[in-house]
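Q: need the 3D shape of this:
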Amino acid sequence: MTIKIDADTSSGLQLESDTSGIIDIQSAGVTKMTVGTTIDIQGNELVLDADADTSIHADTDDQIDFKIGGTDVGKIDSNGIEGASLVKLAGETLSADASSIEISASTLTTSYKNYEIYADLQPKTDGQQVFLRLRDNTGTILNTVSDFQMQAYRGGGTDFSDTTMSALTSITGVGNASDEHAVCRFTIGALRDSAKDTQIIFQMSGNTTAGSIFTTYGSFQTNVAEDNQGIQLTFASGDIASGSSYVLYGVKS
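A: Model (predicted):
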């Protein structure tokens, strides 16, 4: 059945509500959209293209999903914008001093081949190096000199290479004055791949105890190929100060 409405008047096509002030648009007796002081599409899908495979929908509370070619490729929720290849998995700003930041295997799932960590860290104890360590395939922390190897470039310092490392390190100690901290980025590959060594590319910039800048960047790897089931961020000694923060992303292949 076709219904044709002639709106060729000076007023155009008008829909008028009853005394409630709300217009309901229904299909098969179910309200699909209401129009009042706001337009409410009731969590339904808003289709944008002619073949009906590109749309916006919000069937999950407090989340907007974007679909392209029939597949959800991104979303916006309380964590921010998530694209098709970068997914926020964890993150926080410390509300109290902490001995370490721990990321467990339940967060580091095998759904991702690569991870990105961004951290802004301040030591509670002055002059401490940033440490990153991994856990082995049983969840036990790796912290002996036979566990890792690392090469690094140091701005204003001596280049570094060592095959007997107990942790990835900033090499230079970080100051703990109110304006002193270290900003770190870690790109981690093959973390949960039992057949490959875990590889990490890292960049760090921070303040020394004298307040001057230091730069350390390089690469780091495990000496044994295994399914590494956790990441630990800490300082060489003492706590991570309150107000420090980190965020972890999974990178889809």
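Q: which SS class is Gly21?
A: coil (DSSP: H, G, I helix; E, B strand; the rest coil).
Q: once you drop chain neighbours, what's closest to it?
A: Excluding its sequence neighbours, the residue lying closest to Gly21 (CB to CB, 6 or more residues apart in numbering) is Gly36, at 5.6 Å. Just so you know, the C-beta spots here come from the backbone N, C-alpha and C atoms, and that holds for glycine as well.
Q: hang on, isn't the one you found packed against Asp24?
A: No - Gly36 lies out of contact with Asp24 (CB atoms under 8 Å); the separation is 9.5 Å.
Q: the more surrounded of those two?
A: Asp24 (16 against 12; other CB atoms under 10 Å).
Q: what is the burial count for Ile188?
A: 25.
Q: mind checking the pLDDT average for stretch 105-119?
A: The average pLDDT within stretch 105-119 is 95.
Q: now stretch 184-198
A: pLDDT averaged over stretch 184-198 gives 97.
Q: same question, stretch 25-43
A: On average, stretch 25-43 scores 80.
Q: straight-line length of stretch 152-171, end to end?
A: 9 Å (CA to CA, to the nearest Å).
Q: now do it: everything it contacts.
A: Among residues not part of stretch 152-171, those counted as contacts by CB atoms under 8 Å, 6 or more residues apart in numbering are 129-133, 142-151, 172, 182, 184, 186, 200, 202, 204, 206, 213-220, 223, 236.
Q: need the buried ones from those selected in PyMOL.
A: In PyMOL, the members of those classed as buried (16 or more other CB atoms under 10 Å) are selected with the following command:
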select buried, resi 129+130+131+132+133+142+147+148+149+150+172+182+184+186+200+202+204+206+214+215+216+218+220+236
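Q: from the contacts of stretch 152-171, which land in strands?
A: 130-133, 148-151, 182, 184, 186, 200, 202, 204, 206, 213-220 (DSSP state E).
Q: what domains does the record give for this structure?
A: Using automatic domain parsing, the domain parsing of the chain gives 23-78, 86-251.
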